[in-house]
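Q: Give the three-dimensional model of this entry:
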Amino acid sequence: GSGNIANGSFTLVAGNANSAITSYSSVVGGQNNLASGLNSFVGGGNGNKASGIYSTVVCGYYNKATGKYSSILGGYNNSGSSYYSAVVNGKQNLSAGYSSSVLGGNFNKVFGNYSSIIAGNSNRVYGAQSSVAGNSNKAYSSQNFIGGGSSNVSSGTSSSVLGGVSNKVYAPYSSIIGGSGHKLYGAYSAIIGGVNFTGTSASTVYMPSIAFQSTGSSLAYIEILIGDWDMDTNANVSISHSLSSTQWKTIRNMSATIRDDNNANYYELNGDANGNMGVSSTQFTLGRTTGGNFDTILFNATSFNRGFISFWYNPNA
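A: Numbering: from 1, shown residues only. The predicted structure follows:
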């Protein structure tokens, strides 16, 4: 090679315009590379720098391993700035937490200790012992996990988001599984699927509907949300069921459970002549009795799921 510089004891330089300027440092290929940390190593590429003690850059372009025992295994403009930090390929990734790593992707940044990002783009990890995949996801607390999706946030201790879009978990030990636009504030709770749920209660599971079917049985159990219903103002509400023209005729044992505005008490709609319900080919119709128990300000909240409709039906009809 040519234009190489070797300063310090037991240094080794090959390639072009490379420099190894500290004892036991080496650059074995490429060009414009620098190994300046004690026992540092650059394997090749262009414009790479290994300045941390025992740091390594294997290849790639303009990568920097500045932390002690840090390593960069290729890619472009990646940085490992903390002890035992690592970046494996990708572009403009940063591993800045103790023993943290970025395994590919672009524009990812890890600041938490013992944390990682697995591919994707523009992800951030600030908490310790946390992991993120997907795109534009953020983990703020310790032991967070985001398993994919985009624009998700996990900020409660030991909380997680398993995919979906724009889901946010703020409570500890809670999870959102799929769906979009969810917000979860209740500890030890979960949201499964659906769109735009807000979960505020602890130890609660939220989902848009649930179905069970046992082997050998012709009937399946379904539960759907009533959704928004200001019962003080509106005597009736309709909820679509999406069953076929033959399936809806097999509905059995249907009931509606109503909850008050504080989510403190649950009631049967048709109990004590306080309401009624019916079903047609396209929807359920629920009604409350004028002057009855539900015709009060205790049931007038809006942007609030009023309760649940449950029933059995034959899915093979």
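
Q: Considering only helices and strands, which part of this protein has the lowest mean pLDDT?
A: Taking mean pLDDT, DSSP states H and E as the measure, the helix or strand of the chain with the lowest value is strand 209-212, at a mean of 61.

Q: What is the subsequent helix or strand relative to it?
A: strand 220-225 (DSSP states H and E).

Q: quick one: average confidence on whatever helix or strand comes next after that following strand?
A: Next along the chain after strand 220-225, taking DSSP H and E as the criterion, comes strand 236-240. Here strand 236-240 scores 95 as its mean pLDDT.

Q: what's the answer for stretch 98-111, then?
A: Mean predicted confidence for stretch 98-111 is 98.

Q: Okay, and the beta partners of the residue nearest the centre of the chain?
A: Residue closest to the average C-alpha location in the chain (C-alpha atoms, centre = their mean): residue 161, at 3.0 Å. Counting by DSSP bridges, residue 161 forms beta bridges with residue 146, residue 176.

Q: Look at it and report its pLDDT.
A: In this prediction residue 161 is given a pLDDT of 98.

Q: do the same with residue 66
A: pLDDT, residue 66: 98.

Q: just residue 292 next, same as before
A: So residue 292 comes in at 89 (pLDDT).

Q: The closest residue to it other than its chain neighbours: how many residues sit nearby?
A: Distances taken as C-beta to C-beta, 6 or more residues apart in numbering place residue 274 nearest to residue 292, at 4.1 Å, with adjacent residues excluded. For glycine as for every other residue, the C-beta is placed from the backbone atoms N, C-alpha and C. Number of residues near residue 274 (other C-beta atoms under 10 Å) recorded here: 18.

Q: ok, now which ones touch residue 274?
A: 267, 288-289, 292-294 (C-beta atoms under 8 Å, 6 or more residues apart in numbering).

Q: Check the gap between it and residue 256 for me.
A: 11 Å (C-beta to C-beta, to the nearest Å).

Q: Quickly note the distance from residue 226 to residue 275.
A: 12 Å.

Q: So for these two, which residue has more residues nearby?
A: Each of residue 226 and residue 275 has its neighbours counted (other C-beta under 10 Å); residue 275 has more, 23 against 20.

Q: Quick check: pLDDT value at the closest residue to that one other than its chain neighbours.
A: Leaving out its chain neighbours, the residue that sits closest to residue 275 by C-beta to C-beta, 6+ apart is residue 269, at 3.9 Å. With respect to pLDDT, residue 269 scores 90.

Q: now swap in the one 5 residues further on and tell me
A: Looking at residue 274, its pLDDT reads 79.
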